[in-house]
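J.: Fold the following and give me the result.
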Amino acid sequence: IKFAGCKFLDLNRFWVWLRKMELESQRKVEAKLGS
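T.: The predicted model follows:
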């Protein structure tokens, strides 16, 4: 159970990071289109 908990936390952190990367790349694209 403890192992599964760590695994879940890592997965959650991964998704947060992935979302952040997505938003950043989206912002870059919007900046290119805006200029």
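
J.: now the helix or strand harbouring Lys28, how far from the centre of its chain.
T.: Applying DSSP states H and E as the criterion places Lys28 in helix 2-34. On the basis of CA atoms, centre = their mean, to the nearest Å, helix 2-34 sits 0 Å off its chain's mean C-alpha point.

J.: which stretches of the protein have low pLDDT?
T.: Counting by pLDDT under 70, the chain has low-confidence residues at 1-5.

J.: how does it look with 80?
T.: Filtered on pLDDT under 80, the chain yields the residue ranges 1-8, 35.

J.: residue closest to the middle of it?
T.: Leu18 (2.1 Å; CA atoms, centre = their mean).

J.: Now do that one against Leu11, distance only.
T.: Per CB to CB, to the nearest Å, Leu18 is found 10 Å from Leu11. (Each C-beta comes from the backbone N, C-alpha and C, glycine too.)

J.: Could you do Glu30 as well?
T.: 29 Å.

J.: do the same with Ser25
T.: 21 Å.

J.: re the thing from before, so which elements touch the helix holding Lys28?
T.: Taking 3 or more CB pairs under 8 Å, 6 or more residues apart in numbering; DSSP states H and E as the contact definition, helix 2-34 has no neighbouring helices or strands.

J.: For that helix, buried residues please.
T.: By neighbour count on 16 or more other CB atoms under 10 Å, the buried set for helix 2-34 is empty.
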